[in-house]
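Trainee: Sequence unavailable; structure follows:
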């Protein structure tokens with residue numbers, strides 16, 4: 001017999017599987033519960049629900065795994081781009097730090113934005129403003145900055161934005177998968193609720209058969 005899982009959700013699947021499959025595979029049990037209307041055809045309905053839940057459970061786990069991987073990728077990409085951005089920002093401040101107007105234009109004043117939308121706005125504003133002004137690029141040549149180099153750094157931001165969009169999409173897909181799994185689980189739980197009560201009635205004189213189905217016989 002497989003080891004009983006510790007996860008509450010998986011444990012419930014384990015118990016339901018035990019009650020359905022052991023009944024289908026034991027002629028003695030099947031005979032007794034068929035007298036109460038739970039023949040092989042009726043049990044197959046429960047088995048179908050169980051298998052549907054198991055498939056949705058695996059799909060939900062896979063989609064949450066996809067989301068988690070993409071979240072890590074977003075974090076790594078953000079760290080890489082932010083390091084480049086901060087280095088360039090510091091050098092640009094050296095060149096234009098004494099010009100309040102340019103500092104405002106390039107969003108060089110104040111701290112670095114912490115939230116993702118604010119950070120993206122701050123980074124894109126700085127690079128776009130510099131790239132629009134050949135005079136700014138010319139002054140930055142002292143630090144070996146060229147238009148091509150600035151455009152390459154700016155392109156990294158597009159990678160961050162694309163990853164963020166993908167992350168939000170994966171998050172939405174994971175939530176949908178969870179709702180589908182939970183909806184099917186509610187149907188199975190409802191079916192099992194009636195089935196387990198029938199088992200207690202049909203097998204009330206045989207505690208061993210009940211335990212074989214994962215149900216502890218109630219003491220009088």
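Mentor: Arrived safely, thanks for sending. These numbers come from a predicted model, not from an experiment. Numbers count the residues shown, from 1 in each chain.
Trainee: Spit out the contact partners of residue 176.
Mentor: The contact partners of residue 176, by Cβ atoms under 8 Å, 6 or more residues apart in numbering, come to none. In this view, the C-beta of every residue, glycine as well, is placed from N, C-alpha and C.
Trainee: Low-confidence ranges, the chain, go.
Mentor: Under the criterion of pLDDT under 70, the regions of the chain flagged as low confidence span 1-6, 217-220.
Trainee: Now the most centrally placed residue in the chain: which helix or strand?
Mentor: The C-alpha lying nearest the average C-alpha coordinate of the chain belongs to residue 64 (Cα atoms, centre = their mean; 2.7 Å). Under the assignment given by DSSP states H and E, the secondary-structure element containing residue 64 is helix 40-96.
Trainee: helices or strands up against that helix?
Mentor: Using 3 or more Cβ pairs under 8 Å, 6 or more residues apart in numbering; DSSP states H and E as the contact criterion, the neighbours of helix 40-96 among helices and strands are helix 8-24, helix 27-34, helix 100-105, helix 116-132, helix 134-140, helix 147-202.
Trainee: now stretch 137-156, how far from the centre of its chain.
Mentor: 38 Å (Cα atoms, centre = their mean, to the nearest Å).
Trainee: Next: stretch 171-180.
Mentor: Here the centre of stretch 171-180 is set off from its chain's centre by 8 Å, with Cα atoms, centre = their mean.
Trainee: isn't residue 216 right up against residue 210?
Mentor: Yes. Checked against Cβ atoms under 8 Å, the pair residue 216 and residue 210 is within contact range at 7.3 Å.
Trainee: More neighbours: which of those two?
Mentor: Taking other Cβ atoms under 10 Å, residue 216 and residue 210 do not tie; residue 210 has more neighbours (21 against 8).
Trainee: I'd like to know how many residues surround residue 108.
Mentor: Residues lying near residue 108 (other Cβ under 10 Å) number 20.
Trainee: That one - nearest residue in space that isn't next to it in sequence?
Mentor: The shortest distance from residue 108 to any non-neighbouring residue, by Cβ to Cβ, 6 or more residues apart in numbering, is to residue 93 (5.5 Å).
Trainee: shouldn't that neighbour be in contact with residue 110?
Mentor: No. Residue 93 is not in contact with residue 110 according to Cβ under 8 Å; the separation is 11.9 Å.
Trainee: and residue 172, how many neighbours does it have?
Mentor: By the other Cβ under 10 Å criterion, the neighbourhood of residue 172 contains 12 residues.
Trainee: ditto for residue 167
Mentor: Residues contacting residue 167 under the criterion other Cβ under 10 Å number 21.
Trainee: what residues are up against it?
Mentor: Going by Cβ under 8 Å, 6+ apart, residue 167 touches 67, 70-71, 74.
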